[in-house]
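1. Provided below are the primary sequence and the corresponding predicted coordinates.
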Protein chains: 2
Amino acid sequence: MSKDLPLLATAPVVRRDAARNREALLQAAAELIEACGVDDLTTEAVAARAGVGKGTVFRRFGSREGLMAALLNHREEEWQASVISGPPPLGPGAPPMERLLAFGTSRLRHHREQAALIEAAGSTWGENYAVLGFVSLHVRTLLSQLGVRGDLAYLATALVAPLGVPVLRQQIEHGGMSEEQVVAGWTDLARRVVRGAD
Amino acid sequence: MSKDLPLLATAPVVRRDAARNREALLQAAAELIEACGVDDLTTEAVAARAGVGKGTVFRRFGSREGLMAALLNHREEEWQASVISGPPPLGPGAPPMERLLAFGTSRLRHHREQAALIEAAGSTWGENYAVLGFVSLHVRTLLSQLGVRGDLAYLATALVAPLGVPVLRQQIEHGGMSEEQVVAGWTDLARRVVRGAD
């Protein structure tokens, strides 16, 4: 039986190396994107900066798109953490209307920052229903705390919809709106929804 | 010079044949989709039904995706024509609030019907900014006629956003809403936007 011991001992080491490489690659990709943008990012450059072989990128993430999707997931988790337990008004502790408006601004800026990454991740990211579910539930909870009446599940998805990357692209890049105009427009939209129809 | 006459004469014939083939292929594709859905549609079957060779599909539309995009364009033009000059309340002649609510219901049903086609057209269709521009301008005009104050350009895009195919998919296929619930939800949203925030 002693022959088997090394095998039992190596598996965790391999997993630890894999996790370390994964972190190093995500870190390297984030730094390169910060410096040069998403479009010029190559898997070779990411691997070189992380001090691993190019094959490791594909073993850990499957493809360049997979690496982009993992980076997006990482940033999405950070953003969600700031909603769940970050400082107010995005995080808990502020009145619900302040939290709702902080949500809109923050989500819009998050999407603007991640837009190139979302496009680079392509269908690997796609419509991320788990993310949309979290975001819609957050808005729905705030609408409920605000005493809004009506179909809160629908109204939440309708408030989240104009914060999506394609709509922001239409408004800002094709429609010539400024980011400030879009923030102000969404704030007005949210107030109209909260105020009610009757 | 008489040698040249046939050349001058053939060009229109070729164009007429091309246009006829194009119409026949669009018609055949529409009929096959009606009968069997988009997923099972092959370019071979479309060509056979239209009585042309498979190569003609690629000469006229470039690819299967191109054929789907052309069919979408065709249906989009029909839908836009019904807004511009069709019967009220979607077309002109009804009060602006009735037209706005008819627009929401009609656009939502149009997108539900075209969803499979939009996915099959893929990046050939993509975000069609010309279409989004028409739809947003229509809503903006109605909001103006209703005397709504505020950033009408923004509010129009925000009302159009929840009618997009990915949002409808999230609401209906992932969120378990019925189409009736989504129609009622959008109607309520439109009333809240028109009513205003102050």
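-> Great, that's in hand. Residues are numbered from 1 along each chain as shown, chains lettered A, B, ... in the order given.
2. so who does the most centrally placed residue in chain A touch?
-> When CA atoms, centre = their mean is applied to chain A, the residue found nearest the centroid is A:E76 (2.8 Å). Contacts for A:E76 (CB atoms under 8 Å, 6 or more residues apart in numbering or on different chains) come out as A:128, A:131. Yep, even glycine has a C-beta here, placed from its N, CA and C like the rest.
3. so it versus chain B, what's the distance?
-> As judged by CB to the nearest CB, to the nearest Å, A:E76 and chain B stand 16 Å apart.
4. helix or strand: which one has that residue?
-> helix A:64-85 (DSSP states H and E).
5. just the pLDDT at A:H74, thanks.
-> pLDDT, A:H74: 89.
6. low-confidence ranges, chain A, go.
-> For chain A, the stretches with pLDDT under 70 are A:1-14, A:123-127, A:197-198.
7. same thing but 50
-> A:1-9 (pLDDT under 50).
8. residues from it in reach of chain B?
-> Contacts of chain A with chain B, taken as CB under 8 Å from any CB of the partner chain, map to A:127, A:129, A:132-133, A:136, A:150-151, A:153-155, A:157-158, A:161-162, A:164, A:166-167, A:169-171, A:174-175, A:177, A:181-182, A:184-186, A:188-189, A:191-193, A:195-197.
9. mind listing what's buried along the helix holding A:E76?
-> A:64, A:66-73, A:75-76, A:79, A:83 (16 or more other CB atoms under 10 Å in any protein chain shown).
10. show me where chain A has helices.
-> Here chain A has its helices, by DSSP state H, at A:5-36, A:43-50, A:54-61, A:64-85, A:96-121, A:129-145, A:152-160, A:165-168, A:179-195.
11. out of those helices, flag the one nearest B:L143.
-> Judged by CB to CB, the one of the helices of chain A that comes nearest to B:L143 is helix A:179-195, at 11.6 Å.
12. give me the neighbour count for A:E23.
-> 13 (other CB atoms under 10 Å in any protein chain shown).
13. check A:L159 too.
-> Neighbour tally, A:L159, other CB under 10 Å: 28.
14. now do A:G91
-> The burial count for A:G91: 15, using other CB under 10 Å.
15. could you do A:M97 as well?
-> Neighbours of A:M97 (other CB under 10 Å): 15.
16. how close does it get to B:G86?
-> Distance, A:M97 to B:G86, using CB to CB, to the nearest Å: 41 Å.
17. just A:H110 next, same as before
-> The value you get for A:H110 to B:G86, if CB to CB is used, is 41 Å.
18. distance of A:S63 from chain B?
-> Taking CB to the nearest CB, one finds A:S63 at 18 Å from chain B.
19. any idea how far the nearest residue to A:R59 once chain neighbours are set aside lies from chain B?
-> Closest residue to A:R59 apart from its sequence neighbours, by CB to CB, 6 or more residues apart in numbering or on different chains: A:A18 at 7.9 Å. Relative to chain B, A:A18 is positioned 32 Å away (CB to the nearest CB).
20. got it, and A:A115?
-> 12 Å.
21. neighbours around the closest residue to that residue other than its chain neighbours, how many?
-> Nearest residue to A:A115 in three dimensions, chain neighbours excluded: A:V165, at 5.0 Å (CB to CB, 6+ apart). Residues lying near A:V165 (other CB under 10 Å) number 16.
22. so who does A:V165 touch?
-> A:111, A:114-115, A:118-119.
23. at 10 Å instead, please
-> If a contact means CB atoms under 10 Å, 6 or more residues apart in numbering or on different chains, then A:V165 has A:111-112, A:114-119, B:127 as its contacts.
24. of the residues you listed, just the buried ones, ChimeraX syntax please.
-> Entered in ChimeraX, the line below selects the buried ones among those, by 16+ other CB under 10 Å:
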select /A:111,112,114,115,116,117,118
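25. would CSV of the contacts of A:V165 with distance to A:L142 be doable?
-> Shown next, in CSV, are the contacts of A:V165 (distance: CB to CB, whole Å):
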residue, distance to A:L142
A:H111, 19
A:R112, 22
A:Q114, 22
A:A115, 25
A:A116, 29
A:L117, 27
A:I118, 24
A:E119, 29
B:E127, 29
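26. deepest of the helices of chain A, which one?
-> Mean neighbours per residue, mean count of other CB atoms under 10 Å in any protein chain shown, is largest over the helices of chain A for helix A:152-160, with a mean of 24.
27. now it and helix B:179-195, what's the angle there?
-> Going by axes from the mean of the first three to the mean of the last three CA atoms, to 10 degrees, helix A:152-160 is angled at 60 degrees with respect to helix B:179-195.
28. give the other helices and strands that helix A:152-160 contacts.
-> helix A:96-121, helix A:129-145, helix A:179-195, helix B:152-160, helix B:165-168, helix B:179-195 (3 or more CB pairs under 10 Å, 6 or more residues apart in numbering or on different chains; DSSP states H and E).
29. for A:T56, which of the ones you listed is the nearest?
-> Short answer: helix A:96-121, nearest of the helices and strands packed on helix A:152-160 by CB to CB, at 19.2 Å.
30. before we move on, back to that, closest one of the contacts of A:V165 to A:R22?
-> A:L117 (17.1 Å).
31. wait, isn't the closest one in contact with A:R64?
-> No - the criterion here is CB atoms under 10 Å, and A:L117 misses it with A:R64 at 11.5 Å.
32. could you name every residue contacting both of these two?
-> A:29, A:41.
33. pull the contacting residues for A:G176.
-> B:A153.
34. next, it: phi, psi?
-> phi 70, psi 10 (degrees, to the nearest 10).
35. and it, how far from B:R195?
-> Taking CB to CB, one finds A:G176 at 28 Å from B:R195.
36. and if you look at A:L25?
-> A:L25 is 51 Å from B:R195, by CB to CB.
37. with the contacts of A:V165 in mind, which one is nearest to A:K54?
-> For the contacts of A:V165, the nearest to A:K54 is A:L117 (20.3 Å; CB to CB).
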